[in-house]
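**Student:** I need the structure of the sequence given here:
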Amino acid sequence: MKNVPLGEPGLGPDGTPAKAYDQTPYARRALSYQDYAAYALLLRSIDGEPYSELWIEHHEDILATREDGRYDLYQVKTRASGDPWTTKDRSIHEAIARFCVVESAYGGKVAHYFIYSNVGPYVPVSEAKVERKLRSFKILQHELSLSSPDQLLPEYAEAFQTIEKASGASQGVVLAVLSKLGFVPGPSLASFRAELPARLCEARRKLLDWTIKDVFKLEDELIRLIEAAGSAKVPPLLLHTSPISAGGLPSAEISARRISTLTIRSRVSRRMIQRKTFRLLKTCGKVAVCMVFGGLVFKPLLQVTPLQHALNVIQNSGGGVLPAEFNDSVAIVRAAHKPLTHLNLDGANIECRDLSDLSMIRAYGQSMHATGATFDRSILASAVFSQSELNGAKFRRARMDHVIFQKSNMLAANLFAAEARHSNFSEATLNAANLSGGFFAGADFSAAKLDSSEMSNADFANTNLKGTVLTDANVSGANFTGARNLTQAMLSSACVVDGKFPTVDEPLRPTAKPCYTTPVEKEQRQIKRMVLLAVGQLAVSHGYCKEFQHNYRSSNSTLHPENNEMIWYGDDEIEGPSMNEGMR
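**Tutor:** Reported below is the predicted structural model:
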């Protein structure tokens, strides 16, 4: 690298490649993430609920005062790998140990203990083996809610004893902490800074009419208040006139760690009033000047609101080059519930992007590069997504009647519970896709490839299935009443689970072929679908999607095997959302 003093850190004198050892940037990012957590909690409580004040770096990372006079304690944890937290993680053991210290002294005053993190706790699938369930805090908490530690199964008792030993506290204190322990999902490490203005606009929707520059200024002002509290910043005169507390700290330094939601509300309201007053005075001044010079013509204000700017960015996202502000713009439009009717995404490169919960009626997206994109719960009626790359894309619970997916690549796409009546999937590659619970009545699947797909409990009434490939497709409980061009050979090539047959017209007979007969075969089927998902993304984008970001994945290196990256997919990539979902 040129013009870098002393060269790149970590390299040998002769330029031998080596991994950099400086972790300072990551430590600073973790502190910034903690400031974001406090920022989000304060904005959520800006009108007084659920918290009246926050104390930063006081007993814990964040101590929140509730309206009932009790407290919620937060520890903020970040993990660059994105792997979920398990009962074996030392960081969580240390957090529980610190919570136990507080519980021992103030347990009656504490309502909840929370771990605020960019990754959630590990939750296994129902079919997971015991050794995997042991890694889940949620499973362990559930078991402890049903029986005492000495009545647990030996495997769960061992997991609890490991936590108890790491905490150094009594069994009763550890049980109390675990009964109050919860996890709060924060944003990803890659995107939390970009979400700051969107969170502010959510708290005060009138800020959507401000210019982006003014929103950023107010955001910086609030963040500086939080940083000052976290560093116990006190004016020198007050610091040097404050008595020392029993713990050896100046009393003013302790008080400086407090931020009330009233302070945040007053600061935001004051800036809004000042801006309104300034704009009023500015308008009056213009009127006066115009009247003095005999002019009664007012020049329109050319400033663009954040919402209008976001709409302009999204509308200009076609053609392959995605604007840098695309993610922020989508977040602002989503918060404002603004429809994107007739949006033009022809040729757009929106790989891995989050387009969930949007209204995109009659959108145009021919030849899109949308591998791994998320359209969960979006309204896509009458959209045109033909000849597009949609491998691994998610359309869970999307409303997309009359959408055209003709000749699109949709390997391992997730259409769980989607409404796609009369849509066109002709010649689409839907291998290993999930169509379970969906509504596809009247749709055209002619010459579509649906082998190894999940079609259970879906409605395929009156569909066109001419030349459709159903080999090893799970059609358990599916409705094929009135389906055209469905043959016995096609049905016989499909499979069912637990003997749950599809509904077909006579004289056709439902298939009795099982999709699997043993847990091993079931796991092999799941692995096959996961492999197709990975291949579909890697072949098109030379990488994979994680937390709405595209991760380039180079070929394995024999020279530096430590840099060979594992690809991790959660079950929700190809299965339906959990019952508690409101995206991962």
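**Student:** for Gly477, what are its contacts?
**Tutor:** Contacts for Gly477 (C-beta atoms under 8 Å, 6 or more residues apart in numbering) come out as 456-457, 500-502. For the C-beta atoms, the positions are set from N, CA and C on the backbone; glycine is no exception.
**Student:** Out of the residues you listed, which is nearest to Ile92?
**Tutor:** Ile92 has its nearest neighbour among those in Ser456, at 36.5 Å by C-beta to C-beta.
**Student:** Make TSV from the contacts of Gly477 and add pLDDT, distance to Glu351 and secondary structure to it.
**Tutor:** TSV is the format used below for the contacts of Gly477 (pLDDT from 0 to 100; distance: C-beta to C-beta, whole Å; DSSP: H, G, I helix; E, B strand; the rest coil):
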residue	pLDDT	distance to Glu351	secondary structure
Ser456	94	29	coil
Asn457	95	31	coil
Lys500	94	36	coil
Phe501	94	39	coil
Pro502	96	35	coil
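**Student:** Now list the buried members of those residues.
**Tutor:** Neighbour counting with 16 or more other C-beta atoms under 10 Å marks 456-457, 502 as buried within the contacts of Gly477.
**Student:** Go through these and name the one nearest His542.
**Tutor:** Closest approach between these and His542, by C-beta to C-beta: Ser456, at 33.1 Å.
**Student:** got the contact list for that closest one?
**Tutor:** Neighbouring residues of Ser456 by C-beta under 8 Å, 6+ apart: 436-437, 474-478, 497, 500.
**Student:** which one of the residues you listed is nearest Gln274?
**Tutor:** Using C-beta to C-beta, the contacts of Ser456 come closest to Gln274 at Gly437, 52.2 Å.
**Student:** on that earlier part again, if you rank the contacts of Ser456 by neighbours, which is first?
**Tutor:** Using other C-beta atoms under 10 Å as the neighbour test, those are led by Val475, with 32 neighbours.
**Student:** Hmm, it is touching Met455, no?
**Tutor:** Yes: using C-beta atoms under 8 Å, Val475 is in contact with Met455, at 5.0 Å.
**Student:** Touching both of those two, which residues are there?
**Tutor:** In terms of C-beta under 8 Å, 6+ apart, Val475 and Met455 are both contacted by the residues Ala494.
**Student:** How about the helix ranked longest in the chain, which residues are buried there?
**Tutor:** What stands out as the longest helix in the chain, according to DSSP state H, is helix 261-292. Buried residues in helix 261-292, defined by neighbour count with 16+ other C-beta under 10 Å: 261, 264-265, 268, 271-272, 275.
**Student:** quick one on the thing from earlier: pick out the most distant pair among the contacts of Gly477.
**Tutor:** Farthest pair in the contacts of Gly477 (C-beta to C-beta) is Asn457 and Phe501. Separation: 12.0 Å.
**Student:** Identify the contacts common to the two.
**Tutor:** Counting by C-beta under 8 Å, 6+ apart, the shared contacts of Asn457 and Phe501 are 476-477.
**Student:** Which parts of the stretch 251-400 of the chain are strands?
**Tutor:** Taking DSSP state E, counting those that start in this stretch as the test, the strands found in the stretch 251-400 of the chain are 258-260.
**Student:** where along it do the helices fall?
**Tutor:** 251-255, 261-292, 306-315, 326-336 (DSSP state H, counting those that start in this stretch).
**Student:** Minimum distance to Cys201: which of those has it?
**Tutor:** Using C-beta to C-beta, the nearest of the helices of the stretch 251-400 of the chain to Cys201 is helix 326-336, at 5.8 Å.
**Student:** what packs against the closest one?
**Tutor:** helix 196-203, helix 306-315 (3 or more C-beta pairs under 8 Å, 6 or more residues apart in numbering; DSSP states H and E).
**Student:** so how far is it from its chain's centroid?
**Tutor:** 14 Å (C-alpha atoms, centre = their mean, to the nearest Å).
**Student:** cool, and stretch 368-375?
**Tutor:** A distance of 15 Å separates the centroid of the chain from that of stretch 368-375, by C-alpha atoms, centre = their mean.
**Student:** for that stretch, which positions count as buried?
**Tutor:** Within stretch 368-375, the residues that count as buried by 16+ other C-beta under 10 Å are 368-375.
**Student:** Any chance of TSV for the residues you listed, columns distance to Ile56 and pLDDT?
**Tutor:** Formatted as TSV, the buried residues of stretch 368-375 follow (distance: C-beta to C-beta, whole Å; pLDDT from 0 to 100):
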residue	distance to Ile56	pLDDT
Met368	44	88
His369	43	86
Ala370	41	86
Thr371	41	87
Gly372	37	86
Ala373	38	91
Thr374	34	91
Phe375	38	94
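**Student:** Going by distance to Val123, which of those wins?
**Tutor:** Ranked by distance to Val123 (C-beta to C-beta), those are led by Thr374 at 19.8 Å.
**Student:** how deep is the nearest residue to that closest one once chain neighbours are set aside tucked in, by neighbour count?
**Tutor:** Among residues not flanking Thr374 along the chain, Lys394 sits closest, at 4.6 Å (C-beta to C-beta, 6 or more residues apart in numbering). Neighbourhood size, Lys394 [other C-beta under 10 Å]: 30.
**Student:** separation between Lys394 and Cys352?
**Tutor:** 11 Å (C-beta to C-beta, to the nearest Å).
**Student:** list the residues that contact both of the two?
**Tutor:** Common contact partners of Lys394 and Cys352 (C-beta under 8 Å, 6+ apart): Ala373.
**Student:** pLDDT below threshold where in the stretch 301-450 of the chain?
**Tutor:** 301-303, 320 (pLDDT under 70).
**Student:** In the protein, mark out all the strands, start to finish.
**Tutor:** 51-58, 60-66, 71-77, 110-117, 181-185, 258-260, 543-546, 549-552 (DSSP state E).
**Student:** Between the ones you listed, which one is closest to Ser386.
**Tutor:** Closest of the strands of the chain to Ser386 is strand 543-546, at 21.9 Å (criterion: C-beta to C-beta).
**Student:** And the closest one, what does it pack against?
**Tutor:** helix 519-541, strand 549-552.
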